[in-house]
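Novice: the following comprises the amino acid sequence and a computationally predicted model.
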Amino acid sequence: MSEPAARKGWMGLLARAEAGRLASLVPDLPAHQVLRAPEVGAVMVQGRVGGTGGPFNLGEMTVTRCSVRLDGGVVGHAYVQGRDRDHATRAAVVDALMQTDDAPRVQADVLAPLRAEEDARRQTRAAKAAATRVEFFTMVRGEDK
Amino acid sequence: MYVAVKGGERAIDNAHAFLAEERRGDPLVPELSVAQIREQMALAVNRVMAEGSLYDPDLAALAIKQSRGDLIEAVFLIRAYRTTLPRIGASRPIDTADMAVCRRVSATFKDLPGGQVLGPTFDYTHRLLDFALAAEGLPPVAPTAPVRDEAVPHVTGLLDRDGLIEQALTDDTAPPDLTREPLELPASRALRLQALTRGDEGFILGLAYSTQRGYGRTHAFVGELRIGTVAVEMDIPELGFAIEIGEVEVTECETVNQFKGSKTEPPQFTRGYGLVFGQTERKAISMSLVDRALRWKELGEDYDGVPAQDEEFVLYHCDNIQATGFLEHIKLPHYVDFQAELELVRRLRSEAMALREAAE
């Protein structure tokens, strides 16, 4: 089994990925058995009172989960945002593949582009926000002489 | 009283067909796609997600299309849909300190770590209609600037360091959920926040405004308002660890309020809190003002008998789906109720007339 930290990383990346983009990166799925058919459900998102206090229920979000087993016996799971069943199935298969000898290839062909595109999207948005940062300068101070 | 009658079926079917045609409008005008609504009516989508209490921009956009832009009807559709979804679980509480902010302003400190970031705001626009938008044009392009890799800490944390503001200490008690158990009073702050975040924006705004005008003054400053995306993490039993299951955009408002002190507490600032799905700044500010007003008992303040301090009044009337359901049901047939009223008025009238005649 892989290190949880690494697996956490790719499962999160797959959860956030745009379904269409993942489908274009992984057009064909290897032979697999569906252990838990893709299921659309809701997860209650919690916030914290005052940002740091006790939890409260903010509202739900849609999530689709799925579990698969590759022919070799490796099991993959997915919990992805939204209601796209194909997205969940694909993410579960990629999770399983990442635990096999195929991992370096999947890492390079699927996860690396997803990561790079996500980073670029975030960077662009952060750069637009940065351009709206106020740079105060003092024009006149109203003190008496 | 309700009595089952038949005879409306054809009329109802035809009314729905008429509705479908009206929804589409003039067929010579191109039809709106759900993606267009999601991208170009984003603040309506955000409001429907917040009050529908379900984060899914595509569904909210679909609901807006189906409801012909009636946002309360769209919220109703989302609330109905969410009841069909199995509850997979609850997330870990989101960490708003770790938000990727696109907007962050403070009305209390000019210079603060992370800076004042205006983001895509209506503030400082002139509120003049822009007729250029009536014509199709090239997509506008926002300027960019180098991103500084610096933390954007909560403003209240800065006051907290000096002990000038009440603390919000972390605890992990499972919060009550009003979608699972009926709302009971007195409500904990966690339950009140859940009700407020999904409450009607107009109602919460009106209550918040009333506190500013003197109906329960709490002297609020916007310590901080931030909008951005946060990761949502959930513990996955079959894995034995937590993973990110997605990210949501939220608006968070923290108010800093005057507090004279009480028998147990020294004079210090107190806090009101607002957290709402999407870019929903008016709602988040309103929520934090109403949250603060509702805390009078906990802080040992006087009860002034004003609406925003009255937990029962606020919590039982802020939900626009409950409100619209009860309000609009009175337009549905009440033939038998009314028949009884009619009989009663006729009888009282004839008795009164008889008395008057006898007197003459």
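Specialist: That came through, no problem.
Novice: tell me the phi and psi of the residue of the stretch 51-200 of chain B found nearest chain A?
Specialist: Going by Cβ to the nearest Cβ, chain A is nearest to residue B:168 of the stretch 51-200 of chain B, at 3.1 Å. No exception for glycine: its C-beta is placed from N, CA and C like everyone else's. Per-residue torsions, residue B:168: phi -120, psi 90 (degrees, to the nearest 10).
Novice: got a list of what it touches?
Specialist: Contact analysis of residue B:168 by Cβ atoms under 8 Å, 6 or more residues apart in numbering or on different chains lists A:48-53, B:156, B:271, B:273.
Novice: now the buried members of these.
Specialist: A:48-53, B:156, B:271, B:273 (16 or more other Cβ atoms under 10 Å in any protein chain shown).
Novice: would you turn those residues into JSON lines with secondary structure and distance to residue B:338?
Specialist: Converted to JSON lines, these look like this (DSSP: H, G, I helix; E, B strand; the rest coil; distance: Cβ to Cβ, whole Å):
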{"residue": "A:48", "secondary structure": "strand", "distance to residue B:338": "51"}
{"residue": "A:49", "secondary structure": "helix", "distance to residue B:338": "48"}
{"residue": "A:50", "secondary structure": "helix", "distance to residue B:338": "51"}
{"residue": "A:51", "secondary structure": "helix", "distance to residue B:338": "53"}
{"residue": "A:52", "secondary structure": "coil", "distance to residue B:338": "55"}
{"residue": "A:53", "secondary structure": "coil", "distance to residue B:338": "51"}
{"residue": "B:156", "secondary structure": "helix", "distance to residue B:338": "56"}
{"residue": "B:271", "secondary structure": "strand", "distance to residue B:338": "51"}
{"residue": "B:273", "secondary structure": "strand", "distance to residue B:338": "47"}
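Novice: now the biggest helix by length in chain A - C-alpha only, CSV.
Specialist: Longest helix in chain A, counting residues (DSSP state H): helix A:112-130. What follows is helix A:112-130, C-alpha atoms only, in CSV (Å, rounded to 0.1, in the frame of the first residue of the first chain):
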residue,chain,number,x,y,z
ALA,A,112,1.2,15.5,-13.7
PRO,A,113,-0.9,17.3,-16.3
LEU,A,114,-3.9,17.6,-13.9
ARG,A,115,-1.6,19.0,-11.2
ALA,A,116,0.1,21.5,-13.6
GLU,A,117,-3.3,22.7,-15.0
GLU,A,118,-4.7,23.1,-11.5
ASP,A,119,-1.6,25.0,-10.3
ALA,A,120,-1.9,27.3,-13.4
ARG,A,121,-5.6,28.0,-12.8
ARG,A,122,-4.9,28.8,-9.1
GLN,A,123,-1.9,30.9,-10.0
THR,A,124,-3.9,32.9,-12.6
ARG,A,125,-6.7,33.6,-10.2
ALA,A,126,-4.3,34.6,-7.4
ALA,A,127,-2.4,36.9,-9.8
LYS,A,128,-5.7,38.7,-10.7
ALA,A,129,-6.5,39.1,-7.0
ALA,A,130,-3.0,40.4,-6.4
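Novice: now do that helix, average pLDDT.
Specialist: For helix A:112-130, mean pLDDT is 96.
Novice: swap in stretch B:98-109?
Specialist: Mean predicted confidence for stretch B:98-109 is 94.
Novice: stretch B:230-241 too?
Specialist: 94.
Novice: what about it, start to end distance?
Specialist: 19 Å (Cα to Cα, to the nearest Å).
Novice: quick one: that stretch near chain A?
Specialist: Yes: using Cβ under 8 Å from any Cβ of the partner chain, we find that stretch B:230-241 touches chain A at B:231-232, B:234, B:236, B:238-241.
Novice: and the two most separated of those?
Specialist: Farthest-apart pair in the residues of stretch B:230-241 next to chain A is B:231 and B:238; separation 20.4 Å (Cβ to Cβ).
Novice: run through chain A and note the low-pLDDT ranges.
Specialist: Scanning chain A with the threshold set as pLDDT under 70 gives A:1-3, A:144-145.
Novice: next one: phi and psi at the residue nearest the centre of it?
Specialist: Nearest to the geometric centre of chain A sits residue A:16, at 2.8 Å (Cα atoms, centre = their mean). The phi/psi pair for residue A:16 (degrees, to the nearest 10) reads phi -90, psi -10.
Novice: for residue B:50, see how far away it is.
Specialist: According to Cβ to Cβ, to the nearest Å, residue A:16 stands 21 Å off from residue B:50.
Novice: and the helices in the chain?
Specialist: Looking at chain A here, since you left the chain open. Counting by DSSP H, the helices of chain A are A:4-16, A:19-25, A:85-97, A:103-106, A:112-130.
Novice: wait, chain B
Specialist: Under DSSP H, chain B gives helices at B:9-24, B:34-40, B:42-52, B:57-66, B:71-82, B:155-161, B:189-197, B:201-212, B:281-294, B:311-317, B:320-328, B:335-359.
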